[in-house]
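S.K.: can you look at this prediction? I've put the sequence above it.
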Amino acid sequence: MQRKRVFNLLSGLFLAAGFIVFGAGCSTMIPESDTSQPEITLTITGPGIGTKRMTNPPNGLWAGPGGSQLFDMLRGTTYNFTLSVSDQGGAAYASFDFPREFTVIEISPADVRTSTDALFTTLSLLGDRDDPRTGLVISGRFRTPDLDPSSGTLVDFRTEGRDFGGRSGTSPNVRFMQVNASVGVPF
């Protein structure tokens, strides 16, 4: 039990430090023309998986061999997550989708928007064209569903990042990333 408390404390400190360092991003100027896509990093940390860090580039789809699940999370367990979207010309939008059966425990910063549809909970954060920053970060904790011990479920985490597309009014550059995982499905 003591080990679990230390892990939760360290995980919380990691999230707080990450938000302080990356949360607001550095001030930047939106270039006249911007043709480069933003970069996305999703980090999930918790029991049974340690720390999983996925980025795009290089991969838009993170999966195990043959398209299987990259990792398996424990049933009814709390995990920390951090999504960062970075772009030298200003990050305009970050979103993180996960199954609606997951329970959101904590989200940061306070202006993250939460919506839920039939399949997913979406956390999204908007950048400010009048005060552009090189990064947007959404962090927090969620709890996996309490599934019957004889069942498990496959899950997809989906992320999206957009920049402002430049001052010239061109369309924003968009990048997506999907992570295949599971809850209670041993490999």
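M.R.: On my side now, so go ahead. Please read all numbers here as calculations on a predicted model, not as lab measurements.

S.K.: OK, contacts around the residue most central in space within the chain?
M.R.: A centroid search over the chain (Cα atoms, centre = their mean) returns L83, at 3.1 Å, as the residue closest to the centre. Going by Cβ atoms under 8 Å, 6 or more residues apart in numbering, L83 touches I40, T41, L42, A94, F96, L123, V137, I138, S139, T159. Yep, even glycine has a C-beta here, placed from its N, CA and C like the rest.

S.K.: which element follows the helix or strand hosting it toward the C-terminus?
M.R.: Take DSSP states H and E as the rule and L83 turns out to sit in strand 78-86. The helix or strand immediately downstream of strand 78-86 is strand 91-99, counting by DSSP H and E.

S.K.: okay, the angle between whatever helix or strand comes next after that following strand and strand 91-99?
M.R.: Next in sequence after strand 91-99, counting helices and strands by DSSP H and E, comes strand 103-108. For the pair strand 103-108 and strand 91-99, the angle between their directions (axes from the mean of the first three to the mean of the last three Cα atoms, to 10 degrees) equals 160 degrees.

S.K.: where in the chain is pLDDT low?
M.R.: Scanning the chain with the threshold set as pLDDT under 70 gives 1-24, 187.

S.K.: how many residues are close by the closest residue in space to C26 that isn't next to it in sequence?
M.R.: Ranked by Cβ to Cβ, 6 or more residues apart in numbering and with sequence neighbours excluded, the top spatial neighbour of C26 is T134, at 4.8 Å. Counted by other Cβ atoms under 10 Å, the residues lying close to T134 total 20.

S.K.: which residues touch T134?
M.R.: So, once contact is read as Cβ under 8 Å, 6+ apart, T134 ends up touching G25, C26, S27, T28, S86, D87, Q88, G90, A91.

S.K.: identify the bridge partners of the residue nearest to the centre of the chain.
M.R.: L42, I138 (DSSP bridges).
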